[in-house]
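just need the structure, nothing else, for what follows:
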Amino acid sequence: MKAVILAGGSGTRLWPVSRYGLPKQFIKLNGGKSLLAQTVERLAAVVPLKDIFVITNEDYRFHVQADLRSVSPAMEDNVILEPVGRNTAPAIALVMKYCQEKLKAPKDEVIFICPSDHIIEPVEKFAKYALQAEAAAKAGSIVTFGIKPSRPETGYGYIKKGGKARGNGGVCKVAKFAEKPDLKTAEKYLKDGNYYWNSGMFSFTIGTMLSEFKAYAPEIGRKMGLTLAKMLADFRNMPSISIDYAVMEKSKKAAVLPIDILWSDVGSWDSLPEVIKPDAEGNVKVGDVLALDTKRTIVMGEKRLISLIGLKDLIIIDTVDALLIARRGQAQRVKEVVDQLKELKRKEVVEHLTTYRPWGYFVVLEEGPRYKIKRIVLKPGQKVSHQLHYHRSEHWIIVKGTAKVTLGKKTTMVHENESTYVPKSTVHRLENPGKVPLEMIEVQNGEYVGEDDIVRLKDIYGRKS
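Got it, this is the predicted structure:
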């Protein structure tokens, strides 16, 4: 069995922490590891690490590789890249073609698909369910995990179970798929006892899913006949459709494995108490928080102290450059905030003040007309691209480590408490030849200090812009 994690989403339901430049799957919400890294470790209880792959896009390639390295350096190359996002059905088709062509997987190979940003516990119980789903998939079913509902949730789609499926072991036929319901309908589903939350996890053989694509999504089925290279070249013309709409809601082979487990897709700030235990007053506190006479409040901070007095049923999310305050139960409306910020072309939707690069990261400390000040951290052995800027000059002050600096044709070593100057339009490169992170302060000055004022001449990471 091959396990494949879908990690191309750019969701902003957890804004201002989750943004396009660093979406939910890369955030460390409930511990020291990202949700993606936790997903990899969870799947390692089901299959060997070498059989776990992540499908994502070019924008998130380096984030994915960094998270894979944090689990095992040998996993860094277990990445499948989508040329462009086309929803889950084309992504799954690409996964199947990759497994057939690159991994030489036969048609009876089982593929287990799961999202990258869910929290599931305990791992041992999850692994048993995954193996049950594998057995049913080998018997010809396309198995989805149905989560036993604990409340009348209106934010999830539902699956109604029918009779026992082939190879059953607890697997049932799907009686019907139901869209996200209103509260009255959700209460009815909960009382009925045969409805389950649609988890977005699937198990099937390549052969079974290929036949269903041909039957119910022929445009995708036809492209499955192409080579991997041709499929990638034509991927932009794939229909943008979910696997539920493309196959599951039509297929007679659709099955559901009802599971009773702690599961959350952390779909809004309201769901945080599901994954972080509240205190005695019902408060969820992350960061440096002091709460007096405060109840049932979710508060998350990054750097500064947050003090609360006499509050109830609030959500307070504080980042360096944006603050969200909402009433509990209103967190789904974060999407409305994000939509308005998009219309206003606000950068807070896209990027944090901390921006991650394959070589390390930088933090914008201050910015104004004609200047920007950054703290830059370059990992050992890494280097930025050979580049130039048309609109700005740069001053570099080394705070920690040793920098290898190339200016034009001259290369020098710059040490702690030393500095150098990069004039406009000068070809330059910064490298860290040492064994400790290189830390420096960069002061940019010029008529334009945007991140797109960069011309890359050579780049070891294959970036062009």
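
F62 and Y356 touch, don't they?
Yes. Using CB atoms under 8 Å, F62 is in contact with Y356, at 7.3 Å. C-betas here are computed from N, CA, C, even on glycine.

phi, psi for V143 please.
phi -100, psi 130 (degrees, to the nearest 10).

can you tell me what sits against the helix ranked longest in the chain?
Counting residues, the longest helix found in the chain (DSSP state H) is helix 123-138. Contact with helix 123-138 is made by 1, 41-43, 45-46, 108, 110, 112, 120, 143, 145, 165-171, 203-205, 208, 255, 257, 259, 261, as judged by CB atoms under 8 Å, 6 or more residues apart in numbering.

also stretch 264-281?
Contacts for stretch 264-281 (CB under 8 Å, 6+ apart): 13-14, 24, 29-30, 35, 115, 117-119, 155-156, 199-200, 262, 282, 284-286, 291, 294-296, 298, 300, 315, 317, 324, 326, 328-329, 331-332, 334.

can you list contacts of the lowest-mean-pLDDT helix or strand in the chain?
None of the helices or strands of the chain scores lower by mean pLDDT, DSSP states H and E than strand 354-357, at a mean of 88. Residues outside strand 354-357 that contact it (CB under 8 Å, 6+ apart) are 21-22, 62-63, 66, 320, 361-364, 384, 451.

for stretch 409-417, same thing?
396, 398-405, 420, 433.

one more time with 10 Å
Applying CB atoms under 10 Å, 6 or more residues apart in numbering, the contact partners of stretch 409-417 are 396-406, 418, 420, 427, 429-431, 433-434, 438-440.

surely F26 and D117 touch.
Yes. Look at F26 against D117 with CB atoms under 10 Å: they come within range, at 8.9 Å.

what touches both of the two?
By the contact definition CB under 10 Å, 6+ apart, F26 and D117 are jointly contacted by 7, 18, 34-36.

can I have the buried ones of these as a ChimeraX selection?
Buried residues among the shared contacts of F26 and D117 (16 or more other CB atoms under 10 Å), as a ChimeraX selection:
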select :7,18,34,35,36
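
which one of the shared contacts of F26 and D117 is nearest L228?
Of all these, L228 sits closest to A7, with 19.4 Å by CB to CB.

returning to that earlier point: just the buried ones from the contacts of strand 354-357?
Neighbour-count burial (16+ other CB under 10 Å) is assigned, among the contacts of strand 354-357, to 21-22, 62-63, 66, 362, 364, 384.

distance of the nearest residue to G329 once chain neighbours are set aside relative to L365?
Sequence neighbours aside, D270 is the residue nearest to G329 in space, at 6.4 Å (criterion: CB to CB, 6 or more residues apart in numbering). Distance, D270 to L365, using CB to CB, to the nearest Å: 33 Å.

with E281 instead?
For E281 relative to L365 (CB to CB), the value is 36 Å.

distance of Y129 relative to L6?
Taken as CB to CB, the span from Y129 to L6 is 18 Å.

now T12
17 Å.

kindly report the same for K345.
For K345 relative to L6 (CB to CB), the value is 29 Å.

what does Y245 give?
Using CB to CB, Y245 is found at 16 Å from L6.

what about the strands in the stretch 351-465 of the chain?
354-357, 360-368, 371-378, 386-388, 392-400, 403-407, 410-414, 419-422, 428-431, 438-446, 455-458 (DSSP state E, counting those that start in this stretch).

quick check on the contacts of helix 123-138: which are buried?
Buried among the contacts of helix 123-138 by 16+ other CB under 10 Å: 1, 41-43, 46, 110, 112, 120, 143, 145, 165, 167-168, 171, 203-205, 208, 255, 257, 259, 261.

narrow those residues to those in helices?
41-43, 208.

nearest to P181 among these?
Looking across these and measuring by CB to CB, the closest to P181 is R42, at 28.7 Å.

just give the nearest non-adjacent residue to that closest one, would you?
V123 (5.3 Å).

where does pLDDT dip in this structure?
By pLDDT under 70, the low-scoring segments of the chain are 166-168, 464-465.
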